[in-house]
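*Asks:* One predicted model, sequence on top.
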Amino acid sequence: MEEAGNKSPEENQCRVKVTENGPYAVTGGVPLAEQIIQVDSDGECHGWQEGKQYPGQESYRLCRCGKSVNKPFCTGMHAVTKFKGQETASRKPYAEQAQTYEGPELTLTDAEDLCASARFCHRAGGTWNLTEQSDNPESRQTAIEEACDCPSGRLVAHDKAGNAIEPEFTPSIGLVKDPQKGKDGPLWVRGGIPVESADGKTYEVRNRVTLCRCGKSANKPFCDGSHLR
């Protein structure tokens, strides 16, 4: 028998449903664990470490308003606070939102509206400069690392044949923690889990996206870094 972790999202029926002015309803037995941003000796964000793992559940509801008294799970505070969670994000595919930056050995695509302010792109002069210098093997490798560490998938590195260079994820959700800033970040939805809007339409299915869980994003349901402001 094939293990659940190796099944596609369709086989597992994994899904995140954005409920109207309410929480994210997660189905399909999606694993949930903290994902902690690491910082190197220069104070730059560099890599991830897994933290607390939550017991497996077939379905659960995650707070979207930021006011739950049992985070990350919903406790109904969205109703008490009259949370307004209207979705404002573009329904355009990533490729139509992204700008393209060409380097000698890499191409970088960048959909700035998806930025979750995780700051992995700052290291070693920045992913854009590194892409321009990608004929240098070290610069190329660092640019790839930074793009792959970007939780929202704002940045995607491509080889010169046009193939996206993506980290491998099984369907899972990470609760981003940002110790450097002393903040909890977004929900990191990984491994191609469909995200369904409150009106029943499915956003483009991607390997990695970040969903707002502070309730303040101007690009709902996606994170726009408002948890840091």
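*Replies:* Noted; the coordinates are in hand.

*Asks:* Could you tell me whether Ala157 really is in a helix?
*Replies:* No - counting by DSSP: H, G, I helix; E, B strand; the rest coil, Ala157 is not part of a helix but strand.

*Asks:* That one against Ile144, yeah?
*Replies:* Yes - taking contacts as CB atoms under 8 Å, Ala157 lies within contact range of Ile144: 4.9 Å. To be clear about C-beta, it is placed using only N, CA and C from the backbone, and glycine gets the same treatment.

*Asks:* tell me, what's touching the two both at once?
*Replies:* Shared contacts of Ala157 and Ile144, defined by CB atoms under 8 Å, 6 or more residues apart in numbering, are found at 106, 165.

*Asks:* Same drill for those two, tell me which one is more crowded.
*Replies:* Higher neighbour count among Ala157 and Ile144: Ala157, with 25 against 21, using other CB atoms under 10 Å.

*Asks:* quick one: contacts for the more buried one?
*Replies:* So Ala157 contacts 106-108, 127, 131, 143-144, 147-148, 164-165 (CB under 8 Å, 6+ apart).

*Asks:* Just put those in TSV and tack on distance to Lys17.
*Replies:* As requested, the contacts of Ala157 are arranged in TSV below (distance: CB to CB, whole Å):
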residue	distance to Lys17
Leu106	36
Thr107	34
Leu108	32
Thr127	33
Thr131	36
Ala143	35
Ile144	33
Ala147	29
Cys148	27
Ala164	27
Ile165	30
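
*Asks:* So which of the residues you listed is surrounded by the most neighbours?
*Replies:* The most crowded member of the contacts of Ala157, judged by other CB under 10 Å, is Ala143 (31 neighbours).

*Asks:* how far away is the closest residue to that residue other than its chain neighbours from Ala118?
*Replies:* In this structure, Ala143 finds its nearest non-sequential neighbour in Leu130, 3.7 Å apart by CB to CB, 6 or more residues apart in numbering. Separation of Leu130 from Ala118 (CB to CB, to the nearest Å): 17 Å.

*Asks:* Look up phi and psi at the closest residue to Thr88 other than its chain neighbours.
*Replies:* Once flanking residues are discounted, Thr88 sits nearest to Lys220: 5.5 Å by CB to CB, 6+ apart. Dihedral pair for Lys220: phi -60, psi 140, per degrees, to the nearest 10.

*Asks:* From Val18, how far off is Lys220?
*Replies:* According to CB to CB, Lys220 stands 8 Å off from Val18.

*Asks:* Which neighbours do these two have in common?
*Replies:* 85, 87.

*Asks:* Just give me the neighbour total for Lys92.
*Replies:* 13.

*Asks:* Quick check: it vs Asp113, distance?
*Replies:* Distance from Lys92 to Asp113, by CB to CB: 10 Å.

*Asks:* and if you look at Gly47?
*Replies:* Going from Gly47 to Asp113 by CB to CB gives 25 Å.

*Asks:* So in the protein, which helix runs the longest?
*Replies:* Criterion DSSP state H: the longest helix present in the chain is helix 137-149.

*Asks:* in terms of contact count, name the helices or strands touching that one.
*Replies:* strand 45-53, helix 127-132, strand 155-158, strand 164-165 (3 or more CB pairs under 8 Å, 6 or more residues apart in numbering; DSSP states H and E).
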